[in-house]
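Undergrad: A structural model of the following input is requested.
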Amino acid sequence: MNQFGMGFFQDYQKAMEWYLKAADQGLPTAQYNIGHMYQNGQGVPKEYQKAMEWYLKAADHSHAPTEHKIGVLYQNGHGVPQDYQVALVWFLKAAQEGHADAQRSIRFLYQRGNGIPEDIQKAMMWFSMAAGAKGHLCVQTKDG
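TA: Numbering: from 1, shown residues only. As a prediction, this is how the structure comes out:
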């Protein structure tokens, strides 16, 4: 885990080397990690378009964390035009796979009326789903 420095010194170049080898094998987690590194400028220049390219490769495998990240890029207008409707489409893909952060993102879109009509009942429904997601009971404390 060279990217995180777990058991090794943190080495983004080495992490990228291994992720690229795994991505060439079609592994969506590696493709996601490469996108994450480009999105955050970890060992490579921060390039949202490159991040999106790698995220789209991983999303071809229905990789929920990637689908959520793509939604976040559209929500914030990073590397793509800001588009809440497109963000919602990607959040829904991830949410349907049980991704709690995507469910929370949908909740906020409904709560704030970003790109969709404000709907507090739907916001609370998505909050409840996120709070009950397997392994994500901490969502309740994240949101207060």
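Undergrad: what sits against H99?
TA: By Cβ atoms under 8 Å, 6 or more residues apart in numbering, the contact set of H99 is 64-65, 67-68, 133. The way it works is simple: take the backbone N, C-alpha and C, and place the C-beta from them, glycine included.
Undergrad: and those residues, which two are furthest apart?
TA: The two members of these with the most space between them (Cβ to Cβ) are E67 and A133, at 14.8 Å.
Undergrad: which intervals of this protein have sub-threshold pLDDT?
TA: For the chain, the stretches with pLDDT under 70 are 1-8, 133-144.
Undergrad: quickly note the distance from the residue positioned nearest the centre of the chain to Q75.
TA: Taking Cα atoms, centre = their mean, the centroid of the chain lies closest to K69, which sits 2.3 Å from it. Note on K69: its distance to Q75, by Cβ to Cβ, to the nearest Å, is 10 Å.
Undergrad: let me have the contacts of H99 in TSV, extended by secondary structure.
TA: Listed next are those as TSV, based on DSSP: H, G, I helix; E, B strand; the rest coil:
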residue	secondary structure
A64	helix
P65	helix
E67	helix
H68	helix
A133	coil
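Undergrad: nearest to S105 among the residues you listed?
TA: Nearest to S105 out of these is H68 (Cβ to Cβ; 6.8 Å).
Undergrad: make sure the closest one is actually in contact with V89.
TA: No - the pair H68 / V89 is not scored as a contact, 11.8 Å apart, by Cβ atoms under 8 Å.
Undergrad: these two - which one has more neighbours?
TA: Set H68 next to V89 and count neighbours by other Cβ atoms under 10 Å: H68 wins out with 25 against 14.
Undergrad: how far away is that one from Q82?
TA: Going from H68 to Q82 by Cβ to Cβ gives 17 Å.
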